[in-house]
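Undergrad: Build me a structure from this.
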Amino acid sequence: MTLYALTKIGNQYWLFAAAGVICLITFVILILSPALSAHGRIWEKAAAGFLAMFVLAALIVGGVVIGLAIVYYYTDIVNFIHGD
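TA: Sure thing, here's the model as predicted:
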């Protein structure tokens, strides 16, 4: 029964999941890892990790806001591109 439920998942959901995993791996490699390795004490590493989570939250919120703006103004964007 579980395998049958998984076959109903559309391709776009697999692509979104893959993009999310790639973005999280990129965040860990480019932001979190250098922030944690730059400090020696445990409390400094904890603070750097905490601040890195704020960076991740800001990136997510920024992406959601930009995505919602594109969805909301989609017809205006298309009309502007096509010169209507």
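
Undergrad: Please count neighbours and contacts with C-alpha atoms only from this point.
TA: Fine.

Undergrad: What residues of the helix or strand that contains I77 count as buried?
TA: Here I77 is covered by helix 74-82, with elements defined by DSSP states H and E. Using 16 or more other Cα atoms under 10 Å as the test for burial, helix 74-82 gives no buried residues.

Undergrad: Where does pLDDT dip in the chain?
TA: Within the chain, the stretches with pLDDT under 70 are 1-7, 84.

Undergrad: Please, where are all the strands along it?
TA: With DSSP state E as the criterion, the chain has no strands.

Undergrad: in the chain, which helix has the most residues?
TA: helix 42-72 (DSSP state H).

Undergrad: Name the residues of that one that are buried.
TA: Result for helix 42-72 [16+ other Cα under 10 Å]: buried residues 45, 48-49, 52, 56.

Undergrad: Summarise which helices and strands it is packed against.
TA: Counting contacts by 3 or more Cα pairs under 8 Å, 6 or more residues apart in numbering; DSSP states H and E, helix 42-72 is packed against helix 33-37.

Undergrad: ok, now how distant is C23 from K8?
TA: 25 Å (Cα to Cα, to the nearest Å).

Undergrad: try W43
TA: W43 is 46 Å from K8, by Cα to Cα.

Undergrad: and I25, how many neighbours?
TA: A total of 13 residues lie near I25 under the criterion other Cα atoms under 10 Å.

Undergrad: Quick check: the gap between it and F54.
TA: Going from I25 to F54 by Cα to Cα gives 16 Å.

Undergrad: That's all I had, so thanks and see you.
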